[in-house]
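[1] build the 3D model from these lines:
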Amino acid sequence: MSKLKGMISFYGTDKLNAVSEFYLQIPGIELYKDQGKCLIFKIEGGGYLGFCKHLDITKAEKSPIITLLTEDKATVDRIYERFEEAMIETRGAPQLNREFGIYHFFLEDPTGYTLEIQTFI
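    Numbering: from 1, shown residues only. Predicted coordinates for the structure are as follows:
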């Protein structure tokens with residue numbers, strides 16, 4: 001029996017260039033494939049994230065949430081500082097969420113999707 005070997009989540013966007021610049025600022029993300037209408041990013045540690053011009057932008061106040069996992073709190077802090085230095089607005093500094101056992105922060109990507117950077121504690 002064959003095994004699955006990965007996953008790509010695709011999201012609609014009308015700002016491929018801005019999305020590319022935004023996500024490539026995050027350590028551990030690289031452009032895997034440029035298909036013209038779609039960009040696919042590879043996430044170090046596993047998984048792929050795709051953005052396509054021909055898909056509808058589907059979002060609500062709190063969803064979808066694109067969550068990128070890190071190994072520790074220090075990495076969450078470093079990524080937060082990187083966005084702050086680039087003058088990209090976040091929804092606040094990283095914080096501990098005891099209910100879910102995570103340390104995280106949120107911001108919006110150029111399309112308006114919620115991006116969460118987190119680590120489990």
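
[2] how about the helices in the chain?
    Listed from the start of the chain, the chain has helices (DSSP state H) covering 16-23, 73-85.

[3] got the contact list for L107?
    Going by Cβ atoms under 8 Å, 6 or more residues apart in numbering, L107 touches F83, I88, E89, T90, R91, T114, L115. C-beta coordinates here come from the backbone N, C-alpha and C atoms, glycine included.

[4] keep only those of those that are in strands.
    For the contacts of L107, membership in strands holds for T114, L115, with DSSP state E as the criterion.

[5] output the contacts of L107 in a markdown table; the columns should cover distance to S20.
    Formatted as a markdown table, the contacts of L107 follow (distance: Cβ to Cβ, whole Å):
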| residue | distance to S20 |
| --- | --- |
| F83 | 16 |
| I88 | 14 |
| E89 | 19 |
| T90 | 20 |
| R91 | 22 |
| T114 | 19 |
| L115 | 14 |
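
[6] can I get the contacts of L107 in JSON lines including pLDDT?
    Listed next are those as JSON lines, based on pLDDT from 0 to 100:
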{"residue": "F83", "pLDDT": "95"}
{"residue": "I88", "pLDDT": "93"}
{"residue": "E89", "pLDDT": "95"}
{"residue": "T90", "pLDDT": "96"}
{"residue": "R91", "pLDDT": "95"}
{"residue": "T114", "pLDDT": "95"}
{"residue": "L115", "pLDDT": "96"}
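
[7] could you dump the contacts of L107 into JSON lines with distance to E71 and neighbour count added?
    Shown next, in JSON lines, are those (distance: Cβ to Cβ, whole Å; neighbours: other Cβ atoms under 10 Å):
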{"residue": "F83", "distance to E71": "18", "neighbour count": "18"}
{"residue": "I88", "distance to E71": "22", "neighbour count": "14"}
{"residue": "E89", "distance to E71": "26", "neighbour count": "8"}
{"residue": "T90", "distance to E71": "20", "neighbour count": "16"}
{"residue": "R91", "distance to E71": "22", "neighbour count": "11"}
{"residue": "T114", "distance to E71": "22", "neighbour count": "18"}
{"residue": "L115", "distance to E71": "18", "neighbour count": "19"}
